[in-house]
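Colleague: Got a sequence here, can you model it:
(one chain, ligands or ions: 3)
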Amino acid sequence: MWRRRVGALLLRPRSSSIPTPSATHRRRHHLLLPVSVPDEKGPLASNVLLLRLFTSQAGADGGNPRKPFIAFVLGGPGSGKGTQCTRIASDFGFAHLSAGDLLRNEIASGSEKGELILDIIKEGRIVPSEITVELIRKAMESTDAKRVLIDGFPRCEENRIAFERITGTEPDLVIFFDCPEDEMVKRLLGRNQGRVDDNIETIKKRLKVFENLNIPVVDYYSSRGKVHKISATGTEEEIFGAVRKLFASLGFENFVFHKSRGL
Ligand SMILES: Nc1ncnc2c1ncn2[C@@H]1O[C@H](COP(=O)(O)OP(=O)(O)OP(=O)(O)O)[C@@H](O)[C@H]1O
Ligand SMILES: Nc1ccn([C@@H]2O[C@H](COP(=O)(O)O)[C@@H](O)[C@H]2O)c(=O)n1
Ligand SMILES: [Mg+2]
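Modeller: Ligands and ions are numbered 1, 2, ... in the order given. Model prediction:
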């Protein structure tokens, strides 16, 4: 279904009469009451009901057939994006698309593009957007999931603009894992997964790229009230506690929790 939907989105003129989520929000805005997310501050708190409304249309209870619920997951290198996405995927039934994994798979495929990608990843730089967005678009086409996490994307404004242009859509939610640099460096140096970029020289470059290119994307979505910042210090379990609270507040059911109670 999504395959056809992406095609339709690509062909759809910008002025299409098909209501976009934001148009739907605007129309129903007057019906919404402010609610708050426990322990959370910032623009998202006042937007929770808007998101909840959209969630119920686009995923949590299988309403809107046109578009999956899309959450971008951002944070510095080693902030724990992948770790938390794995948990969200299994507890809340999201498909987990990691931009970095898609790029590494392309390297592993032995393609010509893969050689270019490898050189860029070793340097901690950003792969040209058309390559990454095309890989994400294909991965989205091949899933029928109604909820999708896009981990580690967009890394720069160019990524963001290319995604919006090519897919004709925007994220419903942006999660930002906020972690101090020294903690990120410690985690990356201890990751031990054989990644070509887990060395101190590349890590330093990645941290600069994060500050200079990725933070402006977080700022952009913050100004649009889409960012939910989560402190990424503490244990994996503590951080997932905050994540769980966020998804519950958006109306997503926790499959694991329900299963463990025999529901
Ligand atoms: N809360 C935590 N405390 C300690 N270590 C953690 C925590 N969360 C994740 N880690 C570990 O830190 C390392 C980096 O985590 P992860 O790969 O999830 O980060 P990431 O944000 O996806 O990084 P990258 O951008 O490089 O892909 C992993 O070895 C992971 O097991
Ligand atoms: N949107 C992206 C995502 C990643 N990259 C490159 O891959 C490296 C590893 O990414 P992780 O998400 O696994 O941390 C990253 O440092 C970039 O070189 C990219 O270019 N664009
Ligand atoms: Mg990762």
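Colleague: which one is whatever residue of the chain ends up closest to ligand 2 nearest to, not counting chain neighbours?
Modeller: The minimum distance from the chain to ligand 2, using Cβ to the nearest ligand atom, falls at G100 (2.0 Å). All C-beta spots, glycine's among them, are computed from the backbone N, C-alpha and C. Taking Cβ to Cβ, 6 or more residues apart in numbering, and ignoring the residues beside it in sequence, G100 has G152 as its nearest neighbour in space, at 4.9 Å.
Colleague: Check what pLDDT the one you found gets.
Modeller: At G152, the model reports a pLDDT of 98.
Colleague: for the one 5 residues further on, same thing?
Modeller: pLDDT, E157: 98.
Colleague: now swap in the one 5 residues further on and tell me
Modeller: Confidence per residue is given as pLDDT, and for A162 that number is 98.
Colleague: Surely it is within a helix?
Modeller: Yes: counting by DSSP: H, G, I helix; E, B strand; the rest coil, one finds A162 located in a helix.
Colleague: Return the distance of the helix or strand encompassing R244 from the chain's centre.
Modeller: Here R244 is covered by helix 236-249, with elements defined by DSSP states H and E. Counting by Cα atoms, centre = their mean, to the nearest Å, helix 236-249 is centred 15 Å from the centre of its parent chain.
Colleague: Pretty sure the residue nearest to G100 sits against V73.
Modeller: Yes: judged on Cβ atoms under 8 Å, G152 makes contact with V73 at a distance of 7.1 Å.
Colleague: what touches both of the two?
Modeller: Shared contacts of G152 and V73, defined by Cβ atoms under 8 Å, 6 or more residues apart in numbering, comprise K81.
Colleague: neighbour count winner among the two?
Modeller: Neighbour count, other Cβ atoms under 10 Å: between G152 and V73, V73 has more, with 29 against 23.
Colleague: show me what contacts the residue most central in space within the chain?
Modeller: Closest residue to the average C-alpha location of the chain: F72 at 1.7 Å, with Cα atoms, centre = their mean. Shown in contact with F72 (Cβ under 8 Å, 6+ apart): 150, 153-154, 171, 173-175, 221.
Colleague: That one in helix, strand or coil?
Modeller: Going by three-state DSSP: F72 is strand.
Colleague: who's it bridged to?
Modeller: I150, V174 (DSSP bridges).
Colleague: other SSEs contacting the host helix or strand of E130?
Modeller: Applying DSSP H and E as the criterion places E130 in helix 129-141. Contact partners of helix 129-141 among helices and strands, from 3 or more Cβ pairs under 8 Å, 6 or more residues apart in numbering; DSSP states H and E: helix 2-11, strand 95-98, helix 99-108, helix 112-122, helix 157-167.
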